[in-house]
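>>> Okay, predicted coordinates and the sequence, questions at the end:
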Amino acid sequence: MTTQTILSGDLFTLATQLYGDQNQWIRLLETNSLTDPFLSNAQPVSLIIPSAANPNTYGVPTAGLSVPMTLPSIGIYNKSHYNDGSVYG
């Protein structure tokens, strides 16, 4: 991790400049305990810049999340209905 001083701007633009992916703004926000991605302070802000994220997470934090690997199986209804409820097909 490194530190960078920002005079103004937003985390979306900074993430694009640093990582080539604006979705990584959330990493900058969380790492620096910020609540607003728009840096509109009158004073410069010193930010901790985390290393590049896994590109497969699209900037979404994954710690503690449980994501199913497969979707549940659903039955497919093979008959079509007209608006009046009668069946065709």
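Arrived safely, thanks for sending. What you see is a predicted model, and the numbers here were worked out from it, not measured in a lab.
>>> List the contacts of residue 49.
When the contact criterion is Cβ atoms under 8 Å, 6 or more residues apart in numbering, the partners of residue 49 are 1, 2, 3, 4, 18, 28, 31. In short, each C-beta sits where N, CA and C put it, glycine included.
>>> So which of the residues you listed wins on neighbours?
residue 28 (25 neighbours; other Cβ atoms under 10 Å).
>>> Residue 35 versus that residue, what's the distance?
12 Å (Cβ to Cβ, to the nearest Å).
>>> again, but for residue 25
For residue 25, the distance to residue 35 - Cβ to Cβ - is 13 Å.
>>> Of those two, give the one with the bigger neighbour count.
Remark: of residue 25 and residue 35, residue 25 carries more neighbours, 21 against 5, as counted by other Cβ under 10 Å.
>>> Pull the CA coordinates from stretch 37-44 and hand them back as PDB.
Extracted in PDB, the C-alpha atoms of stretch 37-44 (Å, rounded to 0.1, in the frame of the first residue of the first chain):
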ATOM      1  CA  PRO A  37     -16.700   9.200  -2.500                       C
ATOM      2  CA  PHE A  38     -16.700  12.800  -3.600                       C
ATOM      3  CA  LEU A  39     -13.600  14.600  -2.200                       C
ATOM      4  CA  SER A  40     -14.800  18.200  -2.000                       C
ATOM      5  CA  ASN A  41     -12.900  19.300   1.100                       C
ATOM      6  CA  ALA A  42     -11.100  22.600   1.000                       C
ATOM      7  CA  GLN A  43      -8.000  20.900   2.300                       C
ATOM      8  CA  PRO A  44      -5.900  18.200   0.700                       C
END
